[in-house]
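K.L.:
predicted structure and sequence below. I'll ask about it afterward.
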Amino acid sequence: MQFKRKHWITLVKILVPTVILILLISWITPEQRQALYEQPKDYGLLLAALLLSLVALSVSITRWCCLVRCQGIKLSLIEAHRLGMIGYLLNFVSAGTVGGDFFKAIFLARQCPGHRVQAITSVVVDRALGLYGLLLLALAAFTFGGDIGAGQVSDELRQLRIMTAVLAGVGAVGLAVLVFGGRLVDRLLDSVAKLPVIGSLTVKAVSPVRQYSEHPWTLSLSLILSLGVHSLLSASLFLIAISLYDDAPTLVQHMIIVPISMLAGALPISPAGLGVFEATFNAMYEVVPSEPTLASGTIIALFYLLIRILIAFLGTVFYWTAGDDVRESIQEAETDADSTAEAPTGN
């Protein structure tokens with residue numbers, strides 16, 4: 001049977017993280033394996049890391065719930081957590097093109113007819129604020145983290161710091177103009193609306209984003225929650241590190257390592273950033289600490305992957321107890337994704 005385009009996409013999304021993870025495991029040095037074997041494990045800290053990751057996910061879901069309500073869509077905090085946990089599960093088990101964000105957008109659109117664009121907007125803005133929070137946390141850690149790296153590596157980290165600052169600045173300007181631009185943005189949208197074809201589509205897509213200008217405090221709170229989420233996740237990975245090694249990098253250094261790794265993992269290369277996050281985390285572990293360490297970034301990232309899988313298993317409880325509305329939304333999302341994947345592309 002001839003492979004369809006969606007099958008190739010699925011195959012690539014499975015192979016890429018698999019190959020990366022196999023390579024990373026093969027690159028763990030004998031000294032790192034020996035250090036892990038000889039070091040007593042603190043299982044209490046590992047449990048604390050799991051709990052911090054759970055709290056971080058809950059805060060992230062709460063942020064999305066706030067953004068949804070700003071679009072005039074009714075969503076309780078309990079329902080948001082149900083959808084968020086199922087979405088987290090789908091990010092792992094859906095090797096194809098249906099992810100958790102896509103599912104949440106489709107579900108809200110089905111529950112609130114006429115609000116499809118608003119539902120999608122809430123998911124997109126939530127993701128954007130999450131990524132921007134990563135940049136801000138990394139920039140703060142770079143600024144107040146003291147000595148990081150050494151020699152030539154330190155020069156490379158300074159360049160990374162500058163790049164982070166530039167991206168954070170661009171994000172701040174874009175956020176301010178789009179949300180708080182007021183009449184200037186409205187006049188620009190009026191001009192764009194007159195353009196053939198793309199005018200109406202652009203206005204339809206951007207107008208829901210402008211809705212957040214009426215909720216500046218909620219938007220500010222959402223950004224603060226983003227910083228909280230990534231601080232908790234950085235602390236979670238720090239706890240994993242010190243539970244396994246005596247000479248792990250500091251918490252502040254993890255607040256550089258983790259956000260940069262998560263930004264790389266957010267690239268649409270593999271499901272849930274599998275492989276990409278771990279590879280970047282391991283690379284950052286070799287350049288960020290100012291003192292050499294036997295702690296293996298790969299091993300720590302793999303322990304964090306186990307925590308993520310455990311949390312995803314919790315999502316199965318919400319999935320199996322869900323009603324037909326959830327399953328129908330997943331089926332619709334799969335249909336929409338298949339249609340997009342099979343659409344012919346121009347040369």
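P.N.:
Yep, it's here.

K.L.:
make it CA atoms for all contacts and neighbour counts henceforth
P.N.:
Noted.

K.L.:
okay, and the helix or strand of this protein with the least pLDDT?
P.N.:
Least confident helix or strand, the chain: helix 324-342 with a mean of 64, by mean pLDDT, DSSP states H and E.

K.L.:
so who does residue 58 touch?
P.N.:
Applying Cα atoms under 8 Å, 6 or more residues apart in numbering to residue 58 gives the contacts residue 81.

K.L.:
I meant to write residue 108 there.
P.N.:
With contact taken as Cα under 8 Å, 6+ apart, residue 108 is in contact with 115, 116, 119.

K.L.:
mind checking what helix or strand follows the helix or strand encompassing it in sequence?
P.N.:
Residue 108 is part of helix 100-111, with elements assigned from DSSP states H and E. Downstream of helix 100-111, the first helix or strand assigned by DSSP H and E is helix 116-144.

K.L.:
relative to helix 100-111, how tilted is that following helix?
P.N.:
150 degrees (axes from the mean of the first three to the mean of the last three Cα atoms, to 10 degrees).

K.L.:
check which residues of helix 116-144 are buried.
P.N.:
Of all the residues in helix 116-144, those buried under the rule 16 or more other Cα atoms under 10 Å are 116-142.

K.L.:
and it, how far out from the chain's middle?
P.N.:
How far helix 116-144 lies from its chain's middle: 9 Å, per Cα atoms, centre = their mean, to the nearest Å.

K.L.:
doesn't residue 48 make contact with residue 307?
P.N.:
No. Applying Cα atoms under 8 Å as the test, residue 307 and residue 48 come out as separate, 10.8 Å apart.

K.L.:
who has more neighbours out of these two?
P.N.:
Remark: of residue 307 and residue 48, residue 307 carries more neighbours, 20 against 15, as counted by other Cα atoms under 10 Å.

K.L.:
secondary structure element holding the more buried one?
P.N.:
Counting by DSSP H and E, residue 307 is part of helix 297-320.

K.L.:
and that helix, how far from the chain's centre?
P.N.:
The chain centroid and the centroid of helix 297-320 are separated by 14 Å, computed with Cα atoms, centre = their mean.

K.L.:
all the helices of this structure, residue numbers only.
P.N.:
Secondary structure of the chain, counting by DSSP state H: helices at 5-26, 30-38, 43-70, 77-93, 100-111, 116-144, 151-180, 183-193, 198-210, 216-244, 251-265, 276-287, 297-320, 324-342.

K.L.:
so what's the residue count around residue 248?
P.N.:
Residue 248 has 25 nearby residues by other Cα under 10 Å.

K.L.:
could you do residue 174 as well?
P.N.:
By other Cα under 10 Å, the residues close to residue 174 number 13.

K.L.:
how near is it to residue 318?
P.N.:
37 Å (Cα to Cα, to the nearest Å).

K.L.:
also residue 296?
P.N.:
From residue 296 to residue 318 the distance is 35 Å (Cα to Cα).

K.L.:
looking at those two, which is more packed in?
P.N.:
In this view residue 296 and residue 318 are compared by other Cα under 10 Å, and residue 296 has more residues nearby, 25 against 18.
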